[in-house]
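J.: what follows is a predicted structure for the sequence shown.
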Amino acid sequence: MPPPDFTSPLTFKTFNTIPSTAASPSPPSETYYLLAEIKENLSLTRPTLICSDLSSTSFALTWSDLHASPHASDVDFKALGLKKGNCVLLPNAKRTDSSDEVKQGKVVIPGGKDEWQGKSGLRVIPGKLEKVVEVGQDWEFVIEEGEGKCGSCGKEGREEELAKCTGCRGVGYCSKECQVKGWTEGGHKSTCKIIKTFKEIWP
């Protein structure tokens, strides 16, 4: 299944366009996503990541069951892939707006670090926001229309004759030389893990 339309503002919302926790609760008619890049880890007394969305709006990402603690900075976000330069994908997220008590708008993930993915559906995409969006927008051309073609030279051939990238299983090559060229010069090095993650999220 291909990923959703990355050009749709109804599917990929920004922090300011997702529903507020202050609004009356109503289940979304269709799944929407908040996509953002992790910019900074500000875990001092409470595990907190600062993220930037598609409109370059910054917001805090916190966890409901990770309360204030002098050991908050010890949470190993890097081991979970939650590190600077990677992206987070949050389905049907809701925002808490800034106020006198809350200095910065935030999204609160239900649960603690050991259950962050199960309850919220939060996924980590290993890549910068610009590259993640690029892969999403080019999916049909690169992956779907690219079937039966070498991902480097464009040579057509039967799908079974092309050697699939062992990392993402999404791009095929007609020779070892083309595979090396596609990795080093064709940009696959920066998109391989993103493609693999997309195929896991939207199988």
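T.: Good, I have the coordinates.
J.: please enumerate the strands of this structure.
T.: Here the chain has its strands, by DSSP state E, at 12-13, 33-41, 48-53, 58-63, 87-91, 106-109, 123-125, 163-164, 172-173.
J.: point out the most buried one among the ones you listed.
T.: Among these, strand 172-173 has the highest mean neighbour count (mean count of other CB atoms under 10 Å), at a mean of 24. Where C-beta positions appear, they are placed from N, C-alpha and C, glycine not excepted.
J.: what residue lies at the spatial centre of the protein?
T.: Centroid-nearest residue in the chain: Ile125, 3.6 Å away (criterion: CA atoms, centre = their mean).
J.: what's across from it in the sheet?
T.: Cys87 (DSSP bridges).
J.: residues touching it, list them.
T.: The contact partners of Ile125, by CB atoms under 8 Å, 6 or more residues apart in numbering, come to 35, 86-89, 132, 194, 197-198.
J.: measure it to Gly81 for me?
T.: Here Ile125 is placed at a distance of 9 Å from Gly81 (CB to CB, to the nearest Å).
J.: same check, this time on Cys153
T.: Taking CB to CB, one finds Cys153 at 33 Å from Gly81.
J.: with Ala23 instead?
T.: From Ala23 to Gly81 the distance is 31 Å (CB to CB).
J.: what's the answer for Glu37, then?
T.: 13 Å.
J.: now stretch 52-68: how far from the chain's centre is it?
T.: Distance, stretch centre to chain centre, for stretch 52-68: 14 Å (CA atoms, centre = their mean, to the nearest Å).
J.: helices or strands up against the helix ranked longest in the chain?
T.: Scanning the chain for the helix with the most residues, using DSSP state H, yields helix 188-201. In terms of contacts (3 or more CB pairs under 8 Å, 6 or more residues apart in numbering; DSSP states H and E), helix 188-201 is packed against strand 123-125, helix 129-137, helix 176-184.
J.: thinking again about what came up before, tabulate the contacts of Ile125 (TSV), appending distance to Ile50.
T.: Formatted as TSV, the contacts of Ile125 follow (distance: CB to CB, whole Å):
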residue	distance to Ile50
Leu35	15
Asn86	13
Cys87	13
Val88	11
Leu89	17
Val132	18
Ile194	22
Thr197	22
Phe198	25
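J.: for Thr197, grab the count of nearby residues.
T.: 23 (other CB atoms under 10 Å).
J.: same question, Trp183
T.: Neighbours of Trp183 using other CB under 10 Å come to 19.
J.: now it: closest residue in space that isn't a chain neighbour?
T.: Leaving aside its chain neighbours, Trp183 sits nearest to Lys189 (5.2 Å; criterion: CB to CB, 6 or more residues apart in numbering).
J.: then Lys106?
T.: Nearest to Lys106 is Ala60, by CB to CB, 6+ apart, at 3.9 Å.
J.: how about Pro126?
T.: Using CB to CB, 6+ apart, the nearest residue to Pro126 is Lys193, at 4.3 Å.
J.: Glu161 now?
T.: In this structure, Glu161 finds its nearest non-sequential neighbour in Cys174, 7.3 Å apart by CB to CB, 6+ apart.
J.: all good on my end, thank you.
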